[in-house]
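Engineer: what follows is a predicted structure for the sequence shown.
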Amino acid sequence: MAKTKIAFYCQNCGASYPKWQGKCNACGEWNTIAEEVIEKSSPGSPGMSRASSKNSAQKINQIDLKEETRISTRDKELDRVLGNGIVPGSVILLGGEPGIGKSTLMLQMVMQLDKKTLYISGEESLQQIKLRADRIEGKQDTTYLLAATNTQKILHQLENEKPDLLIIDSIQTLHTDRIDSSPGSISQIRECASELIDLAKHAQTPVILIGHINKQGSIAGPKVLEHMVDAVLQFEGDRNHAYRILRAQKNRFGSTHELGIYEMEVNGLRPVSNPSDILMSKVDVNLSGTAIAASVEGMRPLLIEIQALVSSAVYGTPQRTTTGYSTKRLNMLLAVLEKRAGFKLAAKDVFLNITGGIHVDDPALDLAVVASILSSSENVPIDRTTCLAAEIGLAGEVRPVQRVQLRIAEAEKMGFDSIIISQQTEKVTSPTKIQVKRIQTINELVDLLF
Ligand code: TYD
Ligand code: MG
């Protein structure tokens, strides 16, 4: 009888230990190490088995490239993030919080595709998926559904069906017969992923794995999962808002600077082609406390509206609350304003909000954040035809940011009259209409705006 082998894995980062301990040395988390039963059926990791046969070193110029024909997903946003479609034989991990729309995104994509797809669901029944498919427009005759969680069954089904694309919803529900630990455990996830990756590379069938996200925001399961796959996509957004952002965290076949933006509607996700339009509220009157930042997410320019509310603190310790922006960064900017520009904000509550429910951490937002705080504090509105793009340093200096040209072009496209940037920004090729104002310190911003 095979001897039962036991190992201890950190459920947070996947590090393995010969015996239990309280703290994971690899990631520093406490109480994350759990016992898992593993039983190896064959020596060596399964991922290695096929690769080792008939392998000899080759010169780079001797390797013949089979013509790489990417499968277009027919979804412009998804294609953009993937780098022009799905590469045959690639494995893509799509992560996101529960309920954000991962299953919807995948189902919608495969229903637009002309390719034969096998959609494996370990979470929902076929009836539930059918109900969702009915809400989304699209063809239903090229997609095959299977409710299964056992990888051996899935691999068997694959051999029968021979689909052009395989979707696994989700990797955390799978289990393999080779290992005894429960589904969702680190060793199961790793083993199942490795079996599927092996298959993808061998049969040249692309596989998309849907994965859940844990509290810390990383994909639940071992970090190694992210290392094993070719691309890691993150689907994020605020569930109370309709907008969702798709980013590539890793992409072996394309850039990680691209961004896809969707809006969740009653009949599925709609790609948003002009995001700047939706991220600014459509009010014509000038209200105090709002400023527009010319931001760039990856390679995509976005004009984002920032709203601030500064009011006298009712309690002893003033509140600093942000939505979609880092509270630490806000505190830093408030300290700079206090020290370098002489604004007394220590006894004020400050609330900061980025419209649209998206989270941005572009340093170029600094100037607009400061402008909106000043505007609210002084109760003087900022002209809605002006936008801002610069970082602020601890000395109160206004610093240049990346891709200024892109920001200016977007601001001009959206009909802004002027944009405020840092004095140190290198020369920009002159735009036609928009006025580019350069400043050096936040004191100059105060003079310029009020
Ligand atoms: P789902 O794809 O099930 O999320 P995930 O797989 O990431 O857990 O999406 C769930 C949410 O999406 C659900 O709360 C309802 C919403 N939704 C719509 O608003 N419109 C739609 O057409 C669909 C299919 C879902
Ligand atoms: Mg789902």
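Structural biologist: Okay, I see it. Numbers count the residues shown, from 1 in each chain. Ligands and ions are numbered 1, 2, ... in the order given.
Engineer: tell me the contacts of Q424?
Structural biologist: Contacts for Q424 (Cβ atoms under 8 Å, 6 or more residues apart in numbering) come out as R399, P400, Q440. Using the backbone N, CA and C atoms, a C-beta is placed for each residue, glycine as well.
Engineer: what about it, which helix or strand?
Structural biologist: With elements taken from DSSP states H and E, nothing contains Q424; it lies in neither a helix nor a strand.
Engineer: how about the residues of the stretch 301-450 of the chain near ligand 1?
Structural biologist: On the criterion Cβ under 6 Å from any ligand atom, ligand 1 has no neighbours in the stretch 301-450 of the chain.
Engineer: number of nearby residues for the residue nearest to R320 when sequence neighbours are not counted?
Structural biologist: Once flanking residues are discounted, R320 sits nearest to V350: 5.3 Å by Cβ to Cβ, 6 or more residues apart in numbering. Look at V350: counted by other Cβ atoms under 10 Å, it has 24 neighbours.
Engineer: please report how far Y17 lies from M106.
Structural biologist: From Y17 across to M106, the span is 35 Å (Cβ to Cβ, to the nearest Å).
Engineer: same deal with E305?
Structural biologist: From E305 to M106 the distance is 31 Å (Cβ to Cβ).
Engineer: longest helix anywhere in the protein?
Structural biologist: As assigned by DSSP state H, the longest helix anywhere in the chain is helix 186-203.
Engineer: run the chain-centre distance for the following helix or strand past that one.
Structural biologist: Sequence-wise, the next helix or strand downstream of helix 186-203 (DSSP H and E) is strand 207-212. Distance of strand 207-212 from the chain centroid (Cα atoms, centre = their mean, to the nearest Å) equals 14 Å.
Engineer: extract the CA atoms of strand 207-212 and return them as CSV.
Structural biologist: Extracted as CSV, the C-alpha positions of strand 207-212 are listed here (Å, rounded to 0.1, in the frame of the first residue of the first chain):
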residue,chain,number,x,y,z
VAL,A,207,-6.8,27.3,-21.3
ILE,A,208,-8.3,30.1,-19.2
LEU,A,209,-8.4,29.5,-15.5
ILE,A,210,-10.8,31.5,-13.3
GLY,A,211,-9.4,32.1,-9.8
HIS,A,212,-10.7,33.6,-6.7
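Engineer: which parts of the following helix or strand past it are buried?
Structural biologist: Once the chain leaves strand 207-212, the next helix or strand it forms, by DSSP H and E, is helix 223-228. For helix 223-228, the neighbour count (16 or more other Cβ atoms under 10 Å) marks K223, V224, L225, E226, M228 as buried.
Engineer: elements contacting helix 223-228?
Structural biologist: strand 91-96, helix 186-203 (3 or more Cβ pairs under 8 Å, 6 or more residues apart in numbering; DSSP states H and E).
Engineer: show me which residues of the strand or helix carrying Q307 are buried.
Structural biologist: Taking DSSP H and E as the definition, one finds Q307 inside strand 300-312. Neighbour counts over strand 300-312 (16+ other Cβ under 10 Å) mark R300, P301, L302, L303, I304, E305, I306, Q307, A308, L309, V310 as buried.
Engineer: of those, closest to T432?
Structural biologist: For the buried residues of strand 300-312, the residue nearest T432 by Cβ to Cβ is P301; the value is 16.9 Å.
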